[in-house]
Each structure stands twice: as C-alpha cells, then as structure tokens.
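Q: Need coordinates for the below:
(3 chains)
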Amino acid sequence: MSNPFDFIDIPNISAKPRKQALTSIIDKGLDYFSTAQLLENYGQYIDIVKLGFGTARLFEKSELLRKVELLTHADIIVCPGGTLFEIAYHQNKSHQYLEECINLGFNAIEISDGVQPIDLDIRIELIRQAKKLNLIALVEIGRKDEQQDNLLTIEQRITEAKCLLQAGADKIVLEARESGNVGIFAQSTDIKIKEFELLINSLDPQNLIFEAPFKHQQAWLIKQLGSQANLGNIAVADVLSLACLRYQLRADTINF
Amino acid sequence: MSNPFDFIDIPNISAKPRKQALTSIIDKGLDYFSTAQLLENYGQYIDIVKLGFGTARLFEKSELLRKVELLTHADIIVCPGGTLFEIAYHQNKSHQYLEECINLGFNAIEISDGVQPIDLDIRIELIRQAKKLNLIALVEIGRKDEQQDNLLTIEQRITEAKCLLQAGADKIVLEARESGNVGIFAQSTDIKIKEFELLINSLDPQNLIFEAPFKHQQAWLIKQLGSQANLGNIAVADVLSLACLRYQLRADTINF
Amino acid sequence: MSNPFDFIDIPNISAKPRKQALTSIIDKGLDYFSTAQLLENYGQYIDIVKLGFGTARLFEKSELLRKVELLTHADIIVCPGGTLFEIAYHQNKSHQYLEECINLGFNAIEISDGVQPIDLDIRIELIRQAKKLNLIALVEIGRKDEQQDNLLTIEQRITEAKCLLQAGADKIVLEARESGNVGIFAQSTDIKIKEFELLINSLDPQNLIFEAPFKHQQAWLIKQLGSQANLGNIAVADVLSLACLRYQLRADTINF
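A: Residues are numbered from 1 along each chain as shown, chains lettered A, B, ... in the order given. This is a model prediction of the structure:
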C-alpha cells in the first residue's frame, strides 16, 4: 500500500507524460526552492508551467536557468507567458526571442496575440519556426481586454483554432485571464454554455487547454469533459485542490 | 520580556490544549516542510488541522504519516476532511475508513453529510465507533449545496446538534464552505443574525466551531462571542491575522 | 548578460535605495525563513515592509529581532502597522512604543489614526519625537471604517497631508485597507478619479504612497503616474506581478 485510503475508489488518470487531464500552472514568480518543494510533493499533478506574463524577464539569469532545468527534468512543459512573446514580437525581436527560449532551456513557447492582434499568417509562420527548433507550441486564442475579446465570435475562434492546429500548434489555449472573465466566460466569471458546446462540437477537447482560474469553472468543465479535461491558469496553491476535483474527492465533482 | 511590545495590554487567551478560542485550519495540501515551518512559528495559535476534502487520499503514504505525526505532537487535533469520510461511507467502507485513520495516526475524524444526507441514527452509531477507537469526533452540520442547505431550518440544525452532542460528538462544526455562503451565512457571505442568535441561545458556543473563512465573518463572530469563539475553515495564510482579531490587534475588533 | 531576455526593452527604474517607484509590502506574518527567501529573490523590488496591524506583538521576541535585522540590512524600511501604534497611543504608551521600536531594530514607524481620530497637533508632535530618534516617519491618512472615511473630504486630506509633510513626515500613506475600498477608492474598489486628480494637483506624488491592494488599482495608478508610482498594501505573493506592471511586462500596462 503506497497510498493512504487506497481502498477508496477514484477515477483512473494516466501517469505523466500524458495527452489528456493536463494541468497547466500559472507561476507568478516561485523561487527555486519553492519550485523544488512543489515538484517533490505534487509534480505528478502538474503537466505545464507557464511563467506568468513577463516574470521571466525579471529573474536572475542563473536562477531562471536552474529553475527551468528543474521543471523540464520533472517531465513538465515550461514556457514564458505569451505576453513576453508579444512584447518581443512588437519590438521586432521574435527571432531573438525563440533563440533565447532555447538558450534558457525552455521546451515550449506560448504564442498569443492577447494584447494586440497578430495576423494569422504570421502566427502560423512562428509556429513553424518554433517546431523547427523542437519547441512545443502552445497557441493562445482570445484577447486580454474584455471589450476586445467580446468582438471575437466563437465561430472565429473555432476557425482560427483549426488553422493553428493544422499548422502544427500542439495545443490551443483558450484565454480566460487570471480574472476568469473572457473567452468562454462572462464578465461575471459564469460559463457561456452555448459557446462552450459549439467549441467542443467542432474541436477535439484533447487539443484544447481551457484556462479556468476559479473552482466553479474547473468543476463545471470536469463535469462536462470528465477527469481528462485539460485546464490552465491554475494557481500554484490550487494544484492539489484541482487534483481532488479531477479524482472526485471534492463535493463539487463527487458522483455517488 | 519574551514578547515584543508586551506593555501593550491584550486579552488573555488560555494556552493549548484549550477548550475554547479554538482555531481550526483548512489545509489544502501543505507539504511536510511547510507544515513544520507553520508550527514552529504559529503552532500556539492552531488547535485543529483539517486536511481539506480528499487531499489525504492523494498524498504519498510516508509523507502523510510524518505530517500527521508532526501535527499531533504539536497538540493539534488532526483529521481528514468530512468529504473523504462521506465518500468512504457511500462506498460502504466506513469501517475501513476508521481503521485507516487510526493506522495513519489521526487523532480525530470529521463526520459530515454535506454532499448527501446520512440518517441521524447512522451518524450517531459512527460517533460511538469513533469514540471507542479513542478518536475525537468532530461532527459537521449543513449541506455543501446552497439550495440544499437552505432547506435545513435553524431549528432542525439545533435539534440535530443536540442529539449528536449527546451521542458523544466532541464539537459540532457549522458548515460554511470555503466560499462562506451556507449555514449561518447568506449567499452574499453576510451573517444571518437571527439564525445565529437562535443557535447560541440553544447551544453552548463552546461546543460549536463556526466555519468562517472571511475576515468580516471572523470579526463579527469574535465581537459577538469574544476572543473565545471557536472558528473553522481558516486559511493557512490567515492564522496570524485571525490571532490579531482575537487579541484585538486589528481595527475590526479593537475596543478602545 | 545577467538578465534573461535582456534584449527586450523595459522602462528604467532606479536601484534601491530610491525616492520613487516605491513598493510597500503588507506582511501578515512571514516567518524568518520565508522572509529570507523573499529577499534573496525579490529584495530589489521591495522598499518598505509593514508588519500588518498588530502581528509584531504576537511574534517571539528573538524571531522578530532577527527578522527586522534581516529586512533593514536589505535596505528596506520596516515598521509595525499603524494599528499597533494606535493601540499603544490609546493606552497612553506612545513613548514606550517609540522606545520599543528602536530596541527591536525598526528604522521606521507608521503613525495613523485610522481607528479613531487623533488631533493633528498630537500627530505632529509624535512625528517630531520619531524624527529625533532617527526613525523614518510614515504617516497614514484615512479611516478604516468606510462610513467614517466618507466623512473626510479630499480637501481635508490634502490640508492634513501638507501639514504633516511640513512637520517632517517622510511619506504620506493614503489608507485603502486590504479591502481597497476607502480613500481614493469607492466601496466597489473603483477609483475616485476626481479625488485622485485633486490630490496629485496639490501634492507631489513622490511624497505619497498609494495603498492599492488590487491589480486594477495598481495598473491604473501606474498608467497615471508612470512606473515611478509609490504603491502600498502589496501582498507578498504579488511582488513580482507588480514589478511586471511597473516594467510594462503585463498586458494591463503594456504600451506598444
């Protein structure tokens, strides 16, 4: 017996590295020691770590190098936040950006155009460049600004996602922000059910990562998609709570 | 002088183990090292640690064993969350559950029926079994679901609490959830004052633990019941903030 | 190259000790080890640490001594929260309070009258006493109670701030509470723009610290005042996120 209470039946979730049931963390600046602690205890519940927004730019280089190495060695996909990519892109430095990601040991990048639109053709070309460098390409769809985001219809998102996947994107990330109020979520953080249904009727949920910072969003998505749901923008402090939702060990997803 | 600023008068609160002024923490997955840090600094302000929902099921067994031992040695009452008990019960494994709690070193269990009602007679029998095994019996009243919880009148809660105490329950825990929106709290997290008053007119507050995740709830209860109030569902990060409320060291409870 | 992605241009912010771009943390009870970790990684982004409300009173003396020493050695301004001062004052122990601050190694105090008004003359006299002891004097304006705070007009706040600065106050702290709902903020945490504009037209923002616990408040103030804005009541977990806002590395303040 290696697990406590192992006579209690829970759903089966495959071990890492896995294709589904992905949990993507937003890291707002964990130091090396805290990262090591996190992995030692909960590494098996973490698939992707995104260094939130531009935090990577503010680390000491040596500290960032050893942190990224620690994460990749734990079978984790690691990338800087899409916002840092966007800044580099708008400063005409996307080539340097990709090179630096490689130099720092990242095994993935996030390509997004949340702050300001970037032509689909350009994003497709960037995906190809990333793939050539053996970087995993996570591609985010949606706008950071609520009003801007509302102008994107679900049909546009679906069409865009299909193009990006065909171009080689490994996963499509559905932007929700830390505030959980854009994309398939309303300003109130409630779920836009019709949009969600259109989405999963057109795209394989295995290819999608739903950003879902709040428990009610996580629980709802798990009830719709099962324990296999890919979820993103998960706070570091919520890793084990989310695992409980996946394993039906919390009231919100229990199925007696 | 062992305390800084000890010329500043603060209310007297008895040392651990105590009968009142209990603080019950909800632990959503602290690792061993963080638990040790917490106890070294704030152990004197912590009376009960509940391993939230089903988190205990997802620990490594060896890690859980040493964590539980650390907590019990610090004069702390430790139990898995009631949700884990409920899952075991509905899988017809409540006997194994009690045994496993003993094997893992827990000195308490929480018996609840927050997800789905369990007959009072059955809960009373479970309390007796727990007491026979020398486990402290914390018994929670209330439902996780807001609409379900609204169907329970305060009179029903009082009657139930009396029966459970008579059957040997050590404390009655008044469910509020992490969202602080059920039991004596409205959906808005405001306090239902009339219900609260009926409750404390019928039951000795010393026998009750009020779950109160938010500061305004904690401050209000301390103003009503004094520093002696037993409070639960306290976030790990709020231990010292709550102690400040108890000791009238925060604006919300100061009494010039 | 000592910084990752250093080809990405970011605004210049002067190094510590600095007069502007101050970040003031609210510490709700970090232990020594966590404090050391915080400083090692993010010390350069932290200018002031306030030991929130009366937490300092509940520390072990030896623990507090070494924590305060660690902070002051990292070029950080450290003081107990104004609430502790107010309690001492109302117990007629402000003289002992100042002495104890010196004995414990604090290099600053916060003088406030957030719980109950203290005559301006008395606060001015206390500023003088603090300065004579070589303590930095942070003086807070505003009330903890929302209704009480609403009775203070912006004109009164400006007049008071001018008097206190003339008397030697090093910085005026604009009370917002952890709930971000008083002072220049409405109950909804929205910004009172007219009040803000009156304030910065009458006072040099360099002399002010705007308490701003929420991201939308921080981002708005940075957009108005630039990266140089002095911001307070910043949660420990938000240090690097706020630095990203200052350095235009987060969507909310990006300026393409």
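
Q: tell me the contacts of A:Ser79?
A: You called it Ser, but residue A:79 is Cys. The contact partners of A:Cys79, taken as Cβ atoms under 8 Å, 6 or more residues apart in numbering or on different chains, are A:Ile48, A:Val49, A:Lys50, A:Leu51, A:Cys101, A:Phe106, A:Asn107, A:Ala108, A:Ile109, A:Glu110, A:Ile136, A:Leu138. All C-beta spots, glycine's among them, are computed from the backbone N, C-alpha and C.

Q: mind checking which helix or strand it is in?
A: In this assignment (DSSP states H and E), A:Cys79 forms part of strand A:77-80.

Q: Could you count how many residues lie near A:Leu198?
A: Using other Cβ atoms under 10 Å in any protein chain shown, the number of residues around A:Leu198 comes to 17.

Q: Please disregard the earlier target; I meant A:Gly226.
A: For A:Gly226, the count of nearby residues is 15 (other Cβ under 10 Å).

Q: Next one, pLDDT for the nearest residue to it once chain neighbours are set aside please.
A: Computed as Cβ to Cβ, 6 or more residues apart in numbering or on different chains, the closest residue to A:Gly226 that is not its neighbour in sequence is A:Pro11, at 7.9 Å. At A:Pro11, the pLDDT value in this model is 96.

Q: Could I get the contacting residues of A:Pro11?
A: If you count contacts by Cβ under 8 Å, 6+ apart, then A:Pro11 has A:Gly226, A:Ser227, A:Arg246, A:Tyr247, A:Gln248 around it.

Q: Go again with 10 Å.
A: With contact taken as Cβ atoms under 10 Å, 6 or more residues apart in numbering or on different chains, A:Pro11 is in contact with A:Ala21, A:Gly226, A:Ser227, A:Gln228, A:Arg246, A:Tyr247, A:Gln248, A:Leu249, A:Thr253, A:Asn255.

Q: hmm, which of the residues you listed are the buried ones?
A: Neighbour counting with 16 or more other Cβ atoms under 10 Å in any protein chain shown marks A:Ala21, A:Ser227, A:Gln228, A:Arg246, A:Tyr247, A:Gln248, A:Leu249, A:Thr253 as buried within the contacts of A:Pro11.

Q: Surely the first one and A:Ile48 touch.
A: No. Checked against Cβ atoms under 10 Å, the pair A:Ala21 and A:Ile48 is beyond contact range at 11.8 Å.

Q: Need the residues touching each of those two.
A: Common neighbours of A:Ala21 and A:Ile48 (Cβ under 10 Å, 6+ apart) are A:Asn230, A:Leu231.

Q: which residues touch the nearest residue to A:Thr189 once chain neighbours are set aside?
A: Spatial nearest neighbour of A:Thr189, chain neighbours left out: A:Gly180 (4.6 Å); criterion: Cβ to Cβ, 6+ apart. Applying Cβ under 10 Å, 6+ apart to A:Gly180 gives the contacts A:186-191, A:211-214, A:216-218, A:233.

Q: mind checking how far A:Gly180 is from C:Glu211?
A: Remark: distance between A:Gly180 and C:Glu211 (Cβ to Cβ, to the nearest Å) = 25 Å.

Q: one step back: output the strand holding A:Cys79 as CSV, nothing but the C-alphas.
A: Extracted C-alpha coordinates of strand A:77-80, given in CSV (Å, rounded to 0.1, in the frame of the first residue of the first chain):
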residue,chain,number,x,y,z
ILE,A,77,6.3,21.6,-20.3
VAL,A,78,7.7,25.0,-19.5
CYS,A,79,7.3,28.3,-21.3
PRO,A,80,7.3,32.1,-20.6
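
Q: That one pairs with which strands?
A: Strand A:77-80 pairs in its sheet with strand A:48-51 (parallel), by DSSP bridges.

Q: For the partner strand, the averaged confidence score.
A: pLDDT averaged over strand A:48-51 gives 98.

Q: I'd assumed A:Tyr42 was in contact with A:Ile76.
A: No. Using Cβ under 10 Å, A:Ile76 and A:Tyr42 do not qualify as a contacting pair, with a distance of 11.2 Å.

Q: Between the two, which contacts overlap?
A: Applying Cβ under 10 Å, 6+ apart, one finds that A:Ile76 and A:Tyr42 are jointly contacted by A:Ile25.

Q: Tell me who's in contact with the closest residue to chain B within the stretch 151-256 of chain A.
A: Closest contact between the stretch 151-256 of chain A and chain B, by Cβ to the nearest Cβ, is at A:Leu249 (2.5 Å). A:Leu249 is in contact with A:5, A:8, A:10-11, A:240-241, A:243, B:52-58, B:81, B:83-84, B:87, counting by Cβ under 10 Å, 6+ apart.

Q: Identify those among these that sit within helices.
A: Applying DSSP state H to these, the entries found in helices are A:Leu240, A:Ser241, A:Ala243, B:Thr83, B:Leu84, B:Ile87.

Q: Quick check, A:Phe185 in contact with A:Gln217.
A: Yes. Here A:Phe185 lies in contact with A:Gln217, judged by Cβ under 10 Å, at a distance of 6.6 Å.
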